[in-house]
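**Student:** Sharing a sequence plus its predicted fold:
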Amino acid sequence: MDPLGTIGCDRRTSVMAAYPGILTYHITYCLIALTYTGVTAETSVFMTISIDESFNDRVFTSDMIGSYTLDTLMKCAARCTSQALCVSLFYNKHTLACQTHSLVFTDPTSSLVSTNTSYFHIMHGNSILEPIKECGEPPAELGVFWAVGTSYLGSRRQYSCDGDRLPRVSGVECLSTGNWSLMSDFCKELESCEDVKTCSIANVDATYLLYPPVLEGHGVQIYCHNLATDPKAYVTLFEENMSRNDYSLRTRTFPCSFADRDGDATARFHKINVNLTDMSVDRADFTFADTCQETDSPIPRFGEAAACSFDYEWRDYRQCPAPGFFIINTEGTGLKVRSDCTWSDNGAYGVRLEPIVWSSDGLKIETTFDGWCAALNPEAIYLEYSSLSDIRGTPTTAICPPT
């Protein structure tokens with residue numbers, strides 16, 4: 001059975017015109033006194049509710065505790081006080097529809113049309129089941145700016161961060177424990193080009209200092225390309241990085257000389273596309289590569305080589321140069337190729353592969369290659385942080401104004 005009670009309004013805030021029937025919309029606060037009977041003794045419950053006129057003729061269906069038909073606003077509010085998690089309600093004075101909710105709504109943008117519906121949220125009060133919880137103001141943290149809002153159970157608070165940082169979450173929520181859903185470490189460093197784009201539309205294609213989580217706190221300079229539309233991340237290379245497919249054929253008279261034939265192709269890479277989630281290299285991205293190819297021969301990808309100089313009738317000329325080669329050199333980037341990278345010729349005929357040479361610091365890798373139309377490819381190339389590499393260039397500071 002619904003509790004009975006009366007409604008009274010604080011005239012110092014000129015909050016009430018007439019009730020029951022029509023509640024005029026110059027109301028600011030109403031004090032509702034509700035009397036419960038049949039427990040052990042008569043118990044009175046008082047609460048203060050606030051009407052938010054920005055929700056006039058609107059309603060939400062999310063975070064709803066229950067939907068009822070009740071003939072007065074007082075009874076709708078009474079139903080809310082009888083529910084431990086209820087902090088707000090919608091009431092339609094014509095259809096008598098009452099909805100109770102566990103969330104204080106602050107933005108009517110995505111609400112639904114519901115003519116003659118009004119919205120109220122609890123400012124102060126208590127429930128017969130459980131006191132209305134409040135989390136207090138979110139914890140103060142240097143460089144964190146909180147939006148104005150409530151701190152009751154279900155309330156959500158937005159915030160912004162200073163410098164080139166972003167909020168770690170979209171907002172925090174007041175939980176039934178009396179704590180906010182996040183209590184510290186509210187901001188994060190920029191981790192991707194998408195983060196740079198999110199910070200501000202004023203940011204342009206440039207090199208930024210980013211902190212991909214896979215690098216465990218190490219920053220790396222990343223060139224963000226197509227920032228305004230579809231951002232992609234590139235590592236700028238400062239030394240020669242080259243892949244070469246050479247299809248020259250050895251001459252019979254002078255086996256260490258070559259006769260040119262169609263099929264040669266070369267790629268010199270100035271930037272390489274990197275997936276910042278796992279630091280894998282898109283070896284077939286030639287956006288920032290100088291390429292040269294004869295006829296329709298394939299362009300060699302990053303870190304691969306091919307050659308086709310052997311004649312079936314002639315032996316393996318190990319005293320002669322091997323024409324196909326690749327060079328990878330990440331000096332100046334703060335990164336290196338992960339040491340578990342391996343290459344394979346996929347069982348091609350007549351392969352001659354010279355040792356793949358890694359520099360002692362792991363920053364430079366090179367080899368030469370030959371065979372009867374054979375190719376040398378890595379399964380995949382991943383980059384990792386290198387404490388031995390210098391970092392060249394100066395990154396642009398991302399614009400991330402507090403909102």
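**Tutor:** Structure's in. What do you need?
**Student:** where's the closest residue in space to I399 that isn't next to it in sequence relative to L376, distance?
**Tutor:** Leaving aside its chain neighbours, I399 sits nearest to S200 (4.3 Å; criterion: CB to CB, 6 or more residues apart in numbering). C-beta: built from backbone N, CA, C; applies to glycine. Distance, S200 to L376, by CB to CB, to the nearest Å: 44 Å.
**Student:** Now stretch 61-70: buried residues?
**Tutor:** For stretch 61-70, a neighbour-count test (16 or more other CB atoms under 10 Å) marks 65, 70 as buried.
**Student:** quick one: contacts for the residue nearest to I399?
**Tutor:** Residues near S200 by CB atoms under 8 Å, 6 or more residues apart in numbering: 398-401.
**Student:** Check which helices and strands the longest helix along the chain is in contact with.
**Tutor:** When the chain is parsed with DSSP state H, its longest helix is helix 73-81. Here helix 73-81 touches strand 4-8, strand 29-36, strand 43-51, strand 64-69, strand 88-92, strand 97-101, strand 117-125, going by 3 or more CB pairs under 8 Å, 6 or more residues apart in numbering; DSSP states H and E.
**Student:** Paired strands for the host helix or strand of N377, with orientation please.
**Tutor:** Using DSSP states H and E, N377 sits within strand 374-378. In the sheet, strand 374-378 lines up against strand 305-307 (antiparallel), strand 343-344 (antiparallel) (DSSP bridges).
**Student:** Could you find the closest non-adjacent residue to V172?
**Tutor:** Distances taken as CB to CB, 6+ apart place W180 nearest to V172, at 4.4 Å, with adjacent residues excluded.
**Student:** and that neighbour, what pLDDT?
**Tutor:** What the model reports as pLDDT for W180 is 92.
**Student:** Kindly provide the distance from it to K93.
**Tutor:** Using CB to CB, W180 is found at 35 Å from K93.
**Student:** what do you get for T277?
**Tutor:** For T277 relative to K93 (CB to CB), the value is 53 Å.
**Student:** can you check C224 too?
**Tutor:** With distances taken as CB to CB, C224 is found 54 Å from K93.
**Student:** The two: which has the busier surroundings?
**Tutor:** C224 (25 against 18; other CB atoms under 10 Å).
**Student:** Test my guess that the more buried one contacts V235.
**Tutor:** No: the criterion here is CB atoms under 8 Å, and C224 misses it with V235 at 11.4 Å.
**Student:** quick one: the helices in the stretch 101-250 of the chain?
**Tutor:** For the stretch 101-250 of the chain, the helices defined by DSSP state H, counting those that start in this stretch cover 193-199.
**Student:** can you list the weak-confidence ranges in it?
**Tutor:** 124-133, 250 (pLDDT under 70).
**Student:** And for the stretch 301-403 of the chain?
**Tutor:** Those would be 310-319, 402-403, if you go by pLDDT under 70 across the stretch 301-403 of the chain.
**Student:** same thing but at 90, please
**Tutor:** Scanning the stretch 301-403 of the chain for pLDDT under 90 picks out the ranges 306-324, 345-355, 368-375, 400-403.
**Student:** Do you have the strands of it handy? List them.
**Tutor:** With strands called from DSSP state E, counting those that start in this stretch, the stretch 301-403 of the chain shows them at 305-307, 324-329, 335-337, 343-344, 352-353, 357-358, 364-370, 374-378, 383-385.
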